[in-house]
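Novice: just coords:
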């Protein structure tokens, strides 16, 4: 009766229990169903539940698996299954066998903060530079070594690893690794990676224990095998060495976690590791329309490293995939918002059934801004809203203090960030002195003799006050972007955030650069409109955006924003994949590696296959990068998709070569975060603020008339609705297709007249 619920491919995979099997499950093909039904079938055939080991990557997946099996067979049997994550299962084994590995059964498990804290102590004890040996970076290197089963002794013998460490100015990393392992063991503690490495060592050094668990687990299943690292892969081999009763399930086309140590080779080479492996392909997609499935197939076939399959759908043919060409990142965000409104109006789709996927977290800023301005509720899945991210809040606190030095909360947030040895005790004494003398904390900082601290600390307080005073002075004379650059550079924020190249730090770097680019865009737009573009004006706009972060009026009915990595395993009625440009998606870091380009293509495949009915792919022809509007090339992946499944929402963009020549307001800089160039707006400010529009309404200005169609380099195509003023004060009110109505000061506006 169980098998009646399965299609033929699923049934074949479930029934194969007498030899090793590899189940390649295409997106939306019922992978979880095969695993649960296979376990239920094994139980029906008389195998005791405690003889079955099912390994997953999340506790949620293991819990759902047990619940489904309980409904198929009975809950008592499901309760005795060994089903759980690699770490939970191996942790249980290590507690049983702790004597063999030199631990007691009540060993502690360190989480990431615990590990970072211990590494920080070791770095200090070894008198190493904490700026060079950042705990998060050190822990990441140690974790990758452990996941590759490289112990400290092996590390010392690896010329490649030692050379890499020296090149990264971390020549003592191996010593830290060794000390970290020893200190953990003395504390009777393991971190998450230790639970893998000690399980492998246990089975390797004690063959009798390995045999015990080989005999105990008579059938082993592994979910998401494409995401296993080398250590997990080797332990599975150790446990199945005798009976080879193993079934691994996954999809090589969805292997996207190499940065976490996942090895796609584990699934690609599985058939070479066991005798008589049977391969099953689940190719019927139950999630998406035929068009979406076929388009995704045409994309992924360009990868060389893969197990070929032909995923198909028996669902509706569905609409063509819309490719939306935007003039800029601003235009792109507004196109997405307009399309979402259209979906809700025409297709009765709810906000919560819609997702916007991007390659990097930093891309959420322009999308969040556009959604907020249109009052569309949203949530950041697995992350934080752009303006609530720590690095952004830190910078904004500096901005607030530069504009208003009496802002006590901003002062307390950043007085010791980056670390300038002004601890909480000193801050407390500053607050006490302020209360005692009926002064503000800012006034106390300028008179540090009023604080009961030693002279070096008084000097640090005065130095901080002098720095903020210099920021305040420049904030009164230069535009917001230039002030932002100066603060980020001279406060030490840039040095702090750009010190490391770990994924977590790269994301912070991207967020910081996105904020600066947003400021550049703000200044450019305000200059073109003849409005205020100083830091006070920027803070006023940002405060209105951040004030909406806590809005929960729509409950859970919100558009979901997330990275593509976070979207794996999820599905939505409508999906927007944005930023499909070279050096963004695919990532710039993948450009020199065919292997990494293939992973980027798999990542795009994952993004496409999240959509059930509606899929939109967007890219911008121009994007603000490092403070300058730069040309972008459409992603190569768009060319990989068979054009039969695509439709463009507008004709090709006109060339920008003939754009009316205007002064570039911020010069191109080669660095990631440039030094603050001299402001180009100081002279402009008085002219703009003092000028008054002419009361007359001209019929034509420089060839522009009411009804003229223009193409703006960032706002896209628009129609002139009104003209006013003359000469340097000439303005045009333009209604743009996606971004609404804008007023342009024509001597600064960058556009071309569309004939």
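Specialist: Structure received. Bear in mind the structure is a predicted one, so any value in this text is a computation, not a measurement.
Novice: what's residue 627 sitting at in phi/psi?
Specialist: phi 90, psi 0 (degrees, to the nearest 10).
Novice: pretty sure it is touching residue 479, no?
Specialist: No. Residue 627 is beyond contact range of residue 479, at 11.1 Å (criterion: CB atoms under 8 Å). C-beta coordinates here come from the backbone N, C-alpha and C atoms, glycine included.
Novice: higher neighbour count, these two?
Specialist: Ranked by neighbour count (other CB atoms under 10 Å), residue 627 and residue 479 place residue 479 first, with 29 against 26.
Novice: Return the distance of the more buried one relative to residue 527.
Specialist: Plainly put, residue 479 is 8 Å away from residue 527 if you go by CB to CB, to the nearest Å.
Novice: just residue 301 next, same as before
Specialist: With CB to CB as the criterion, residue 301 and residue 527 are 48 Å apart.
Novice: Compare neighbour counts for the two and give me the winner.
Specialist: Using other CB under 10 Å as the criterion, residue 301 and residue 527 rank with residue 527 on top: 23 against 15.
Novice: In which helix or strand does residue 175 reside?
Specialist: Assigned by DSSP states H and E, residue 175 belongs to helix 173-186.
Novice: Return the list of helices and strands in contact with that helix.
Specialist: The contact analysis (3 or more CB pairs under 8 Å, 6 or more residues apart in numbering; DSSP states H and E) places helix 173-186 against helix 112-125, helix 135-147, helix 152-157, helix 159-167.
Novice: Of the ones you listed, which is nearest residue 646?
Specialist: helix 135-147 (39.1 Å; CB to CB).
Novice: for that closest one, packing partners?
Specialist: When contacts are defined as 3+ CB pairs under 8 Å, 6+ apart, helix 135-147 sits against helix 112-125, helix 173-186, helix 192-205, helix 230-239, helix 503-529.
Novice: Please render those as CSV that adds distance to residue 404 and mean pLDDT to the earlier fields.
Specialist: Rendered in CSV, the data for the helices and strands packed on helix 135-147 read as follows (distance: least, CB to CB, whole Å; pLDDT from 0 to 100):
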stretch, distance to residue 404, mean pLDDT
helix 112-125, 34, 93
helix 173-186, 43, 95
helix 192-205, 45, 96
helix 230-239, 53, 96
helix 503-529, 18, 90
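Novice: Redo those as JSON lines? Include distance to residue 556.
Specialist: What follows is the helices and strands packed on helix 135-147, written out as JSON lines (distance: least, CB to CB, whole Å):
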{"stretch": "helix 112-125", "distance to residue 556": "29"}
{"stretch": "helix 173-186", "distance to residue 556": "41"}
{"stretch": "helix 192-205", "distance to residue 556": "31"}
{"stretch": "helix 230-239", "distance to residue 556": "35"}
{"stretch": "helix 503-529", "distance to residue 556": "26"}
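Novice: Poorly predicted segments of the chain, please.
Specialist: The model of the chain has pLDDT under 70 over residues 1, 544-554, 649-699, 755.
Novice: Tell me the gap between stretch 160-172 and the middle of its chain.
Specialist: Averaging C-alpha positions (CA atoms, centre = their mean, to the nearest Å) puts stretch 160-172 27 Å from its chain's average.
Novice: again, but for stretch 253-262
Specialist: Taking mean C-alpha positions (CA atoms, centre = their mean), stretch 253-262 and its chain are 14 Å apart.
Novice: List the buried residues of that stretch.
Specialist: 253-257, 261-262 (16 or more other CB atoms under 10 Å).
Novice: What's the end-to-end length of it?
Specialist: 13 Å (CA to CA, to the nearest Å).
Novice: please renumber so the chain begins at 858
Specialist: Taking 858 as the first residue, the last one we looked at is stretch 1110-1119.
Novice: for the helices and strands packed on helix 1030-1043, which one sits closest to residue 1608?
Specialist: Counting by CB to CB, residue 1608 lies closest to helix 992-1004 out of the helices and strands packed on helix 1030-1043; the figure is 45.4 Å.
Novice: can you list the residues that contact the closest one?
Specialist: 969, 972-974, 976-977, 980, 1012, 1018, 1022, 1027, 1030, 1033-1034, 1037, 1050-1051, 1053-1054, 1086-1088, 1118, 1357-1362 (CB atoms under 8 Å, 6 or more residues apart in numbering).
Novice: Just want the angle from that helix to helix 1087-1096.
Specialist: Interaxial angle, helix 992-1004 versus helix 1087-1096 (axes from the mean of the first three to the mean of the last three CA atoms, to 10 degrees): 30 degrees.
Novice: rewinding a little: got the helices and strands packed on helix 1030-1043 as CSV, with distance to residue 1353 and mean neighbour count columns?
Specialist: Rendered in CSV, the data for the helices and strands packed on helix 1030-1043 read as follows (distance: least, CB to CB, whole Å; neighbours: other CB atoms under 10 Å):
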stretch, distance to residue 1353, mean neighbour count
helix 969-982, 15, 16
helix 992-1004, 12, 21
helix 1009-1014, 28, 14
helix 1016-1024, 21, 13
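Novice: Could you dump those into TSV with distance to residue 934 added?
Specialist: TSV is the format used below for these (distance: least, CB to CB, whole Å):
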stretch	distance to residue 934
helix 969-982	36
helix 992-1004	34
helix 1009-1014	43
helix 1016-1024	47
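Novice: For stretch 1165-1174, list every residue counted as buried.
Specialist: For stretch 1165-1174, using 16+ other CB under 10 Å, the buried residues are 1166, 1168, 1170, 1172.
Novice: nope, stretch 1595-1605 is what I was after
Specialist: 1595-1596, 1599, 1601-1605.
Novice: in the stretch 1208-1357 of the chain, which spans are helices?
Specialist: Assigned helices in the stretch 1208-1357 of the chain, in chain order: 1221-1230, 1247-1260, 1265-1271, 1281-1293, 1298-1302, 1312-1332, 1337-1347, 1350-1354 (criterion: DSSP state H, counting those that start in this stretch).
Novice: Run through the residues that contact residue 1589.
Specialist: 1558, 1561, 1577, 1579-1581, 1600-1601, 1603, 1606.
Novice: go with 10 Å
Specialist: By CB atoms under 10 Å, 6 or more residues apart in numbering, the contact set of residue 1589 is 1558-1559, 1561-1563, 1565, 1567, 1575, 1577-1582, 1599-1603, 1606, 1608.
Novice: Among those residues, which lie within strands?
Specialist: 1558, 1561-1562, 1567, 1575, 1577-1581, 1599-1602, 1608 (DSSP state E).
Novice: now the closest residue to residue 938 other than its chain neighbours: how far from residue 1074?
Specialist: Counting by CB to CB, 6 or more residues apart in numbering, the nearest residue to residue 938 once its immediate chain neighbours are dropped is residue 906, at 4.7 Å. Distance, residue 906 to residue 1074, using CB to CB: 11 Å.
Novice: Now do the shared contacts for these two.
Specialist: With CB under 10 Å, 6+ apart, residue 906 and residue 1074 have common neighbours residue 939.
Novice: mind listing which of the buried residues of stretch 1165-1174 are in strands?
Specialist: Among the buried residues of stretch 1165-1174, the ones falling in strands (DSSP E) are residue 1170.
Novice: Wait, residue 1023 touches residue 989, no?
Specialist: No. Using CB atoms under 10 Å, residue 1023 is not in contact with residue 989, being 11.6 Å away.
Novice: any shared contact partners between those two?
Specialist: 1029-1030.
Novice: if I look at the residue nearest to residue 938, how far off is residue 931?
Specialist: 10 Å.
Novice: so what's in contact with these two at the same time?
Specialist: residue 900.
Novice: So for these two, which sits in the more crowded spot?
Specialist: Each of residue 906 and residue 931 has its neighbours counted (other CB under 10 Å); residue 906 has more, 19 against 12.
Novice: on that earlier part again, which one of the buried residues of stretch 1595-1605 is nearest residue 1142?
Specialist: The closest of those, once distances to residue 1142 are taken by CB to CB, is residue 1595, at 32.6 Å.
Novice: which non-adjacent residue is nearest that closest one?
Specialist: residue 1191 (3.9 Å).
Novice: which residues touch the one you found?
Specialist: When contacts are counted by CB under 10 Å, 6+ apart, residue 1191 touches 1183, 1185, 1223-1224, 1226-1228, 1230-1231, 1572-1573, 1593-1597.
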